[in-house]
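Q: Give me the fold of what follows.
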Amino acid sequence: MTGLQEAMVTARRNGEDAVAWAAASANSIRDRLRVYGRFLMRDFSAEPGAAQDVLSTLTGDLMEDVFWSTPRRRIANKTFTATHYPAQREIRMHSEMAYSPVFPRLLCFHAVKAADQG
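A: Sure, this is the predicted structure:
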C-alpha cells in the first residue's frame, strides 16, 4: 500500500494517550487523511471506546449505527465490537454501512490487541 509509512504515527513514548495526542494533532491527522486516505496510530494507550473520542476530535458528531445486520456488542456510546462470528466461518469482503442511506465520512477501527497473524 503506497504511503502506509507516511500515514502511520507511532507513540513517542510508551503509553502515550491516543485521545490527547489526536486532539493536539488534529490538523496533522486531517492532512494525512486528505493525502493518503487513511491514518494509522500505533503503540498508543487507549481505553475501550477511545476511538470515538479520537474521531470526535476530527469530525464532531458521530453517526449512530442503527441498521445492524450482524451480531455485535456496544462498548461505549458509539463504539461497537467487531461482528461476533465463528472463527471457522468467513466474512466476505464488504463495505461498512453500505446499507445506510447516509454514509460516514470516516470509519475507525480500534484493535486493543493486534492479531498475531493474518
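Q: okay, the residue lying farthest from the centre of the chain: pLDDT?
A: In the chain, the residue that sits farthest from the middle, by C-alpha atoms, centre = their mean, is Gln88; the gap is 24.7 Å. Looking at Gln88, its pLDDT is 88.
Q: cool, and Ile29?
A: Note for Ile29: predicted pLDDT of 90.
Q: quick one, what contacts it?
A: Ala22, Phe39, Thr57, Leu58 (C-beta atoms under 8 Å, 6 or more residues apart in numbering). Every C-beta, even on glycine, is put in place using the N, C-alpha and C of the backbone.
Q: so which two of the residues you listed are the farthest from each other?
A: Maximum pairwise distance among the contacts of Ile29 (C-beta to C-beta): 12.0 Å, between Phe39 and Thr57.
Q: Compare neighbour counts for these two and give me the winner.
A: Phe39 (21 against 17; other C-beta atoms under 10 Å).
Q: how near is that one to Thr79?
A: As for Phe39, its distance to Thr79 is 17 Å (criterion: C-beta to C-beta, to the nearest Å).
Q: same check, this time on Ala23
A: In terms of C-beta to C-beta, Ala23 sits 17 Å off from Thr79.
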